[in-house]
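Asks: With the input below, show me the fold.
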Amino acid sequence: MKNAIKKLRDNNGRYVKTLPFGWKKQQPIYQKEYLKNNPWARNWIFSKGRAKKFNREHTLTVKDCKELWLRDRANLLKCPSLDRIDANKGYTKDNCRFIERSLNSRLGNLGMNKIKVCPNCGWHNKK
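Replies: Here you go, the predicted structure:
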């Protein structure tokens, strides 16, 4: 078979390229530009998917995510990640914060009582 790239239109009438054999769609150009200019939006998209996957509440909006980004100064972090303070609750504005991705994965793997202080944001756990 020939490695042809097909051009399809999405619901808005914009062209969307597909990879060879059409097995997976690439991101449209306008969406790539939006995510480059608004880095908090990528975390919001991932949080929405995780909330749906694990049947959690998701009332966080993109605007709320931007406010959290600015409040937590996530642009200073190497690899910012959206974290839920209480893992039993959903993605709400009062339950989320941006922390370093490595710290976020350690919180999930080791448990919250193992880590005392976050080196980047100065967050202390109470136990």
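Asks: counting contacts, what elements does the lengthiest helix in the chain pack onto?
Replies: Ranked by residue count and defined by DSSP state H, the top helix of the chain is helix 40-53. When contacts are defined as 3 or more Cβ pairs under 8 Å, 6 or more residues apart in numbering; DSSP states H and E, helix 40-53 sits against helix 29-37, helix 62-71, strand 80-84, strand 96-100. No exception for glycine: its C-beta is placed from N, CA and C like everyone else's.
Asks: Would you indicate which residues of the first one are buried?
Replies: Spelled out, it's helix 29-37. Within helix 29-37, no residue is scored as buried using 16 or more other Cβ atoms under 10 Å.
Asks: and that helix, what does it pack onto?
Replies: Against helix 29-37 (3+ Cβ pairs under 8 Å, 6+ apart) you get helix 40-53.
Asks: And for Lys89, the neighbour number?
Replies: Using other Cβ atoms under 10 Å, Lys89 has 13 other residues around it.
Asks: Name the SS class of it, please.
Replies: Here Lys89 takes the coil state, with states given by DSSP: H, G, I helix; E, B strand; the rest coil.
Asks: which ones are touching the nearest residue to it once chain neighbours are set aside?
Replies: Excluding its sequence neighbours, the residue lying closest to Lys89 (Cβ to Cβ, 6 or more residues apart in numbering) is Asn95, at 4.8 Å. If you count contacts by Cβ atoms under 8 Å, 6 or more residues apart in numbering, Asn95 has them with 84-86, 89.
Asks: how about Trp44, what does it touch?
Replies: With Cβ under 8 Å, 6+ apart, Trp44 has these contacts: 60-62, 65, 82.
Asks: Repeat that for Thr92.
Replies: For Thr92, the contact set (Cβ under 8 Å, 6+ apart) comprises 57, 59-60.
Asks: quick one: which of those residues is nearest Asn43?
Replies: Leu60 (9.6 Å; Cβ to Cβ).
Asks: one step back: out of the contacts of Thr92, name the ones that lie in strands.
Replies: Nothing among those maps onto strands, per DSSP state E.
Asks: Save those as JSON lines, and put in distance to Leu107 too.
Replies: Shown next, in JSON lines, are these (distance: Cβ to Cβ, whole Å):
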{"residue": "Glu57", "distance to Leu107": "20"}
{"residue": "Thr59", "distance to Leu107": "22"}
{"residue": "Leu60", "distance to Leu107": "19"}
